[in-house]
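Student: structural data only, the sequence is not supplied:
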Ligand SMILES: O=C(O)CCC(=O)C(=O)O
Ligand SMILES: [Fe+2]
């Protein structure tokens, strides 16, 4: 018998859920119940006992730290450019996805997609509009094992995210494999955020990451320090720090889960605040954005069908995410055109 307290190991707005028993039926039921509570209140929880090897996470952190420590001229060799994903010295303005006008976020980013190594002709079929998952991946040659570690990490995240979606299905009283077919050609990505040391005071309204919701189904986030900075917005409008749990991943749901559940689960606003002035610490965060097939519908599912939702005339997951991304990077001189 798996008791409730062995599953939710820390209660709170962002509870800590232990997945150690996810491979037995009683454990899965308990975990699904805990996930349902978290997703209906904050949309955020931390997982431990997730089974991703600590040494893989460590290698992923080390190789990315090495990359971001390289001179700009070297990093620019793998720069994001039309048709190609990669390194961005300006990590966009996530608050722009909500039409808020803020200065650029104080981070650099390197991103790659699960689709990014496919041949051009296959990628070009993934939506008839601009989309980041249609870009080719570009890989630095230094650090030498960068690309292979990224691939290993993406494979581990894909497996974990698929299992989380099966737990989500149980939590929503759906058939356990309900979501599998919506993700059989998923267009997920990893975007490593490097929050560099701040030697100058930020501009008014400028944050490491401006407030935003995530746009996909779920995000699995690792942070490589305990200096913190990630905050989620409580229903009463207050911002709450997300505690760092050693070895844990933060999981949050994105807009698609809120749309699919007609708002029963919440896609919660979050942001990353600046360190105190004079504190020159840096931080790496590694979100894995689990994004379904680009043509997945965004209508409410199962028993939520017919519920209220305003999707601004958008019908597919790909259009929804692409529109948000274009707003986030609108000041980037790349080849964007409307997702409509
Ligand atoms: O760095 C973090 O803790 C969060 C980053 C984030 O919210 C994002 O990249 O969507
Ligand atoms: Fe986010």
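Tutor: Here it is on my side, so go on. Every value quoted in this text rests on a predicted model; they were computed, and no experiment measured them. Ligands and ions are numbered 1, 2, ... in the order given.
Student: please name the nearest non-neighbouring residue to the residue of the stretch 101-250 of the chain found nearest ligand 1.
Tutor: Going by C-beta to the nearest ligand atom, ligand 1 is nearest to residue 230 of the stretch 101-250 of the chain, at 3.7 Å. From N, CA and C alone the C-beta is placed, and that goes for glycine too. Sequence neighbours aside, residue 242 is the residue nearest to residue 230 in space, at 4.5 Å (criterion: C-beta to C-beta, 6 or more residues apart in numbering).
Student: likewise residue 138?
Tutor: residue 86 (4.2 Å).
Student: show me the beta-bridge partners of the one you found.
Tutor: Beta-bridge partners of residue 86, counted by DSSP bridges, are residue 111.
Student: pretty sure residue 324 sits against residue 215.
Tutor: Yes. Taking C-beta atoms under 8 Å as the definition, residue 324 is a contact partner of residue 215 at 4.5 Å.
Student: shared neighbours, these two?
Tutor: Shared contacts of residue 324 and residue 215, defined by C-beta atoms under 8 Å, 6 or more residues apart in numbering, comprise 97, 255.
Student: tally of neighbours for the closest residue to ligand 1 within the stretch 151-300 of the chain?
Tutor: Distances between the stretch 151-300 of the chain and ligand 1 by C-beta to the nearest ligand atom are smallest at residue 285, namely 3.1 Å. Residue 285: 21 surrounding residues under other C-beta atoms under 10 Å.
Student: and what of residue 104?
Tutor: As a burial measure, residue 104 scores 16 neighbours (other C-beta under 10 Å).
Student: do the same with residue 34
Tutor: Using other C-beta under 10 Å as the criterion, residue 34 is surrounded by 23 other residues.
Student: for it, phi and psi?
Tutor: For residue 34, the backbone dihedrals (degrees, to the nearest 10) come out as phi -60, psi -40.
Student: tell me the residues of the stretch 201-340 of the chain that contact ligand 1?
Tutor: Contact residues (C-beta under 6 Å from any ligand atom) of the stretch 201-340 of the chain with ligand 1: 209, 214, 221, 223, 230, 270, 272, 285, 287.
Student: hmm, try it at 5 Å
Tutor: For the stretch 201-340 of the chain, the residues in contact with ligand 1 (C-beta under 5 Å from any ligand atom) are 209, 230, 272, 285, 287.
Student: residues contacting residue 226?
Tutor: 244, 246.
Student: one more time with 6 Å
Tutor: residue 244 (C-beta atoms under 6 Å, 6 or more residues apart in numbering).
Student: state the pLDDT value of it.
Tutor: Listed pLDDT for residue 226 reads 91.
Student: kindly report the same for residue 313.
Tutor: pLDDT for residue 313: 79.
Student: how near is it to ligand 1?
Tutor: Residue 313 is 25 Å from ligand 1, where distance means C-beta to the nearest ligand atom, to the nearest Å.
Student: surely the residue of the stretch 101-250 of the chain closest to ligand 1 and residue 241 touch.
Tutor: No. With contact defined as C-beta atoms under 6 Å, residue 230 does not count as touching residue 241 (7.4 Å).
Student: those two - which one has more neighbours?
Tutor: Relative neighbour count places residue 230 above the other of residue 230 and residue 241, with 23 against 12, counting by other C-beta under 10 Å.
Student: how close does the more buried one get to residue 128?
Tutor: Counting by C-beta to C-beta, to the nearest Å, the gap from residue 230 to residue 128 is 35 Å.
Student: and if you look at residue 300?
Tutor: Separation of residue 300 from residue 128 (C-beta to C-beta): 25 Å.
Student: the two: which is more packed in?
Tutor: The neighbour comparison of residue 300 against residue 128 (other C-beta under 10 Å) goes to residue 300, with 19 against 11.
Student: for the more buried one, give me the pLDDT.
Tutor: You'll see residue 300 listed with a pLDDT of 93.
Student: state the phi and psi torsions of it.
Tutor: Dihedral pair for residue 300: phi -60, psi 150, per degrees, to the nearest 10.
Student: what helix or strand is the residue nearest to it when sequence neighbours are not counted on?
Tutor: Among residues not flanking residue 300 along the chain, residue 262 sits closest, at 4.1 Å (C-beta to C-beta, 6+ apart). For residue 262, there is no helix or strand it lies in under DSSP states H and E.
Student: let me know the distance separating residue 262 from residue 291.
Tutor: Distance from residue 262 to residue 291, by C-beta to C-beta: 20 Å.
Student: quick one: which of these two has more around it?
Tutor: residue 291 (31 against 17).
Student: what residues does stretch 264-272 touch?
Tutor: Here stretch 264-272 makes contact (C-beta under 6 Å, 6+ apart) with 39-40, 42-43, 207-209, 211, 213, 229-233, 253-255, 257-258.
Student: one step back: what's the separation between the residue nearest to residue 300 and residue 304?
Tutor: According to C-beta to C-beta, residue 262 stands 4 Å off from residue 304.
Student: just name the shakiest helix or strand of this structure by mean pLDDT.
Tutor: Every helix and strand of the chain was ranked by mean pLDDT, DSSP states H and E. The lowest is helix 4-7, at a mean of 71.
Student: could I get the full set of strands for the stretch 151-300 of the chain?
Tutor: Applying DSSP state E, counting those that start in this stretch to the stretch 151-300 of the chain gives strands spanning 189-195, 209-212, 218-223, 230-233, 239-241, 249-253, 270-272, 283-290.
Student: count the neighbours of residue 245 for me.
Tutor: Residue 245 has 17 neighbours, counted by other C-beta under 10 Å.
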